[in-house]
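A.B. asks: Coordinates only, no sequence provided:
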C-alpha cells in the first residue's frame, strides 16, 4: 500500500510574514480598485464622462503599482539568502491558509503569482512555489455578512409591471428619469413578445445582478428570466437624453447582442463586486460559451483574466498536436505574427529592427499598445494580452518558423532542447484580415458581403475618430473581420490620437512646375494628414470604390476630420451603442 506523505508542521515565521505581506498587498489593491469602481455610479449620474474615462484608465494601472510596491517591501525586508526553497514552499502553504475565508481567493492567488514571479527566476514558474492551478474553490463563497450578488423578483405574484419598476428603481440612481413608466411599458411589451403565449409559472423569477455595469456613457442592468424550464437573459441599457434625464434605451435578448456587449473589442466595465467569482458565474449562466478568462477581463480584472487564459492555453497545448505556423495575411514591417491553427488567437512579436519607411522603436510600439489598453476601444480595437517569458513546446515549431524569428527578432528568442521561450509577445483574438475577406467575397461574386465589409470598415474608422483615435495606417490588411462580421482595427504601431493630428487639404499648385513635380512642393510636418490622399491607397478596386463613395466619401475630406477633432477638443464624448440602432426605443 503506497505511503501518504503529509507536510511537516509549518515552522517558518519568515514564510508566514511573507504570505501575510503579499495578501495585505492584494487587499490594498482591491480596496483601491473597488473605491474607483464605486465612483462610476456618481460619474454616470452627473454625466461626468471625462472623469469616468480617466478613472477607467487609471484603474488599469492599479494592479502593477500594488504588485511593485509589494515586491519592493519584500526585497527591503528580507535577504535573498534567507529565502530558501523550503521557505517558499511554506509561503505558499501559509497563503492557502489565509485564503480559507477570503471572498476573492482566485484573484489573491493571481496576485501571489505576480509577486513571486517578479522575485524568482522563471525556472520556478512551473513548480510548487506558485499557483499553477487554483488551490481554493470559488463556488458558494458568499457569506451572510456580504450583500447578495443578485436580487430576485416574482412577476407572477407581484405583476410584471411592478416587478420591472422595482428592478430599475432598486438601483437608486439619483438622476431623474424622463418618462420611466413609458419606457417600462416598452420593456414589458418586448418581454411579452419574447415570451409569446407561454403562461407564467408560479415560481417565475427575474434574477438581476445587484450592481449596475458602467461603461462609456451607459449603465447596464444584467439579468435573466427563469420561467419553468425556460431561461432568457436580458440587458437593459440606461442612458442620458439631451436634457440630461435618464431613459431606458432598449432591452437586449438576442445572444449575439449580449455577446457583443461583452466583446474583447470594448473597454472594461466598472462594476462594484464583493464576490467577483459569483458575478462571473452569473454571466456564464447567460453566456455559457464565453470563457471565464474573458469575463474576468471585461469586469476589469484583466490580470486574473490573463492567468486563466494562460491556463486554458496550456490545457489546449496538452490536448492538441498541430504545428505553430505563420499567420495568414500580408507580412508586416513591424510585427511577426504566428498562430496555432486549432487555437483562435494569434501571437505577435515586435521585430528587433524596422526597414524604411517605418520610423519607430520597440519602446514606442509598446507605448501604442498600452494606449489601446487604456483607451475606450468602442468595439473597434482588439484588446491584447501582453506576456513575458512564454514557454512553447519546441516540437511544435518548424525549423523555418524558428529561422524567421531568429532573423527578425533574435533578442526575444531562447531555444532549448524542449522549449522555445519568447521573452515578450502579445496575444490577440484571431480574425480574418479585411483584405482577404474582400478578395474572397469578390471571387465568390458576393457583392452584398463586399458592401457590408466596406460599410463596417468606414463605421469602424468613424467610431474610432469619435473616441479620439486615428488609425494611422488605414490599409485593409490592418483591419480584421470578427465572427459576428464586425470590422475591427488591430495594427497599432502608427496609431495616434486625433487631437495630435493636423488635417489638411492639399494646397493648389502655384504653377505648372508644381503640378508636374514628383515630390510634394509644399511643406509637410510630422503629424500632417491629407485625407484626400486616402483614396490612392484604398480605392484601387472598382467595386470597393463604389461602395466606399456611396457610404463614406466624407472620410476623404479634411473638413470631416477637422470637425471631429474640434468636437473632441471641446470635450464632447460621442455616444457609442454596442447594439443595433434598429432595436432602440428612440426615446432620446
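C.D. replies: The structure has been received and is ready for your questions. Just so it is clear, the structure is predicted and the values come from calculations on it, not from any experiment.
A.B. asks: from the chain's centre, how far out does the helix or strand hosting residue 62 sit?
C.D. replies: Element membership of residue 62 [criterion: DSSP states H and E] is helix 49-77. Centroid displacement of helix 49-77 relative to its chain, using C-alpha atoms, centre = their mean, to the nearest Å, is 18 Å.
A.B. asks: Packing partners of it?
C.D. replies: Helix 49-77 sits against helix 13-46, helix 105-119, helix 302-318, helix 362-374, with contacts defined as 3 or more C-beta pairs under 8 Å, 6 or more residues apart in numbering; DSSP states H and E. The C-beta positions use only the backbone N, C-alpha and C, and glycine is treated the same way.
A.B. asks: I'd like the next helix or strand past that helix.
C.D. replies: Sequence order places helix 85-98 as the next helix or strand after helix 49-77, per DSSP H and E.
A.B. asks: what's the angle from that following helix to helix 13-46?
C.D. replies: 50 degrees (axes from the mean of the first three to the mean of the last three C-alpha atoms, to 10 degrees).
A.B. asks: what angle separates helix 85-98 from helix 105-119?
C.D. replies: Computed by the same axes, to 10 degrees, the angle separating helix 85-98 from helix 105-119 equals 160 degrees.
A.B. asks: Show me what helix 85-98 is packed against.
C.D. replies: helix 13-46, helix 105-119.
A.B. asks: Can you give me the buried ones in that helix?
C.D. replies: 88-96, 98 (16 or more other C-beta atoms under 10 Å).
A.B. asks: And for that helix, what's in contact with it?
C.D. replies: With C-beta atoms under 8 Å, 6 or more residues apart in numbering as the test, helix 85-98 has contacts from 7, 10-12, 14-16, 18-20, 22-23, 108-109, 112, 116, 120, 124, 128-131, 135-136.
A.B. asks: Which positions within the helix or strand of the chain with the lowest mean pLDDT qualify as buried?
C.D. replies: Using mean pLDDT, DSSP states H and E, helix 512-516 stands out as the lowest-scoring helix or strand of the chain, at a mean of 75. Neighbour counts over helix 512-516 (16+ other C-beta under 10 Å) mark no residue as buried.
A.B. asks: how many other residues sit next to residue 246?
C.D. replies: 22 (other C-beta atoms under 10 Å).
A.B. asks: Could you pull up phi and psi at it?
C.D. replies: phi -90, psi 140 (degrees, to the nearest 10).
A.B. asks: residues in contact with it?
C.D. replies: 173, 175-178, 180, 238-240.
A.B. asks: so what's it scoring on pLDDT?
C.D. replies: Per-residue pLDDT puts residue 246 at 97.
A.B. asks: Does it have any beta-bridge partners, and if so which?
C.D. replies: In this structure, residue 246 bridges to residue 177, residue 240 when assessed by DSSP bridges.
A.B. asks: Roughly how far does it sit from residue 146?
C.D. replies: 28 Å (C-beta to C-beta, to the nearest Å).
A.B. asks: Same question for residue 27.
C.D. replies: Taking C-beta to C-beta, one finds residue 27 at 15 Å from residue 146.
A.B. asks: More neighbours: these two, which one.
C.D. replies: Shown here are residue 27 and residue 146; by other C-beta under 10 Å, residue 27 has more neighbours (15 against 12).
A.B. asks: In contact with that one, which residues?
C.D. replies: Contacts of residue 27 (C-beta under 8 Å, 6+ apart): residue 108.
A.B. asks: Same check on the one 3 residues further on?
C.D. replies: Taking C-beta under 8 Å, 6+ apart, we find residue 30 in contact with 104, 107.
A.B. asks: So this structure: which segments form each domain?
C.D. replies: 13-124, 150-292, 321-430, 434-556 (automatic domain parsing).
A.B. asks: Please dump the ones you listed into TSV; it should also carry distance to residue 310 for every row.
C.D. replies: Listed next are the domains of the chain as TSV, based on distance: least, C-beta to C-beta, whole Å:
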stretch	distance to residue 310
domain 13-124	10
domain 150-292	12
domain 321-430	7
domain 434-556	21
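A.B. asks: that older thread, quick one, which of the contacts of helix 85-98 are buried?
C.D. replies: Among these, those classed as buried by 16+ other C-beta under 10 Å are 12, 15-16, 18-19, 22-23, 108-109, 112, 116, 129-131, 136.
A.B. asks: List just the nearest of those residues to residue 55.
C.D. replies: residue 108 (23.4 Å; C-beta to C-beta).
A.B. asks: what about the closest one, distance to residue 136?
C.D. replies: For residue 108 relative to residue 136 (C-beta to C-beta), the value is 8 Å.
A.B. asks: Ok, residue 381 next?
C.D. replies: Going from residue 381 to residue 136 by C-beta to C-beta gives 34 Å.
A.B. asks: same thing with residue 539?
C.D. replies: Separation of residue 539 from residue 136 (C-beta to C-beta): 57 Å.
A.B. asks: And residue 234, by the same measure?
C.D. replies: Look at residue 234 and residue 136: by C-beta to C-beta, they are 32 Å apart.
A.B. asks: can you tell which of the helices and strands packed on helix 85-98 is closest to residue 534?
C.D. replies: Using C-beta to C-beta as the criterion, the shortest distance between residue 534 and these is 36.2 Å, found for helix 13-46.
A.B. asks: mind listing what's buried in that closest one?
C.D. replies: 15-16, 18-19, 21-23, 25-26, 29-30, 32-34, 36-37, 39-41, 43-44.
A.B. asks: and if you look at stretch 174-193?
C.D. replies: For stretch 174-193, the neighbour count (16+ other C-beta under 10 Å) marks 177-178, 180, 183-184, 186-188, 190-191 as buried.
A.B. asks: Tell me which two of those sit farthest apart.
C.D. replies: Farthest pair in those, by C-beta to C-beta: 178 and 191, 20.8 Å.
A.B. asks: surely residue 544 meets residue 438?
C.D. replies: Yes. Between residue 544 and residue 438 a contact is recorded at 6.5 Å, counting by C-beta atoms under 8 Å.
A.B. asks: Quick check: neighbours shared by these two?
C.D. replies: Joint contacts of residue 544 and residue 438 (C-beta under 8 Å, 6+ apart) are 450, 454.
A.B. asks: how much space is there between residue 337 and residue 407?
C.D. replies: Applying C-beta to C-beta to residue 337 and residue 407 gives a distance of 15 Å.
A.B. asks: Can you pick out the residue with more neighbours from these two?
C.D. replies: Per other C-beta under 10 Å, whichever of residue 337 and residue 407 has more neighbours is residue 337, with 20 against 11.
A.B. asks: Doesn't that one belong to a strand?
C.D. replies: Yes. Assessed by DSSP: H, G, I helix; E, B strand; the rest coil, residue 337 belongs to a strand.
A.B. asks: Now do the contacts for the nearest residue to it once chain neighbours are set aside.
C.D. replies: Excluding its sequence neighbours, the residue lying closest to residue 337 (C-beta to C-beta, 6 or more residues apart in numbering) is residue 327, at 4.2 Å. Contacts here follow C-beta under 8 Å, 6+ apart; on that basis residue 327 touches 337-339, 346, 430.
A.B. asks: okay, the helices and strands packed on helix 85-98 in JSON lines with distance to residue 442 next?
C.D. replies: Converted to JSON lines, the helices and strands packed on helix 85-98 look like this (distance: least, C-beta to C-beta, whole Å):
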{"stretch": "helix 13-46", "distance to residue 442": "45"}
{"stretch": "helix 105-119", "distance to residue 442": "46"}
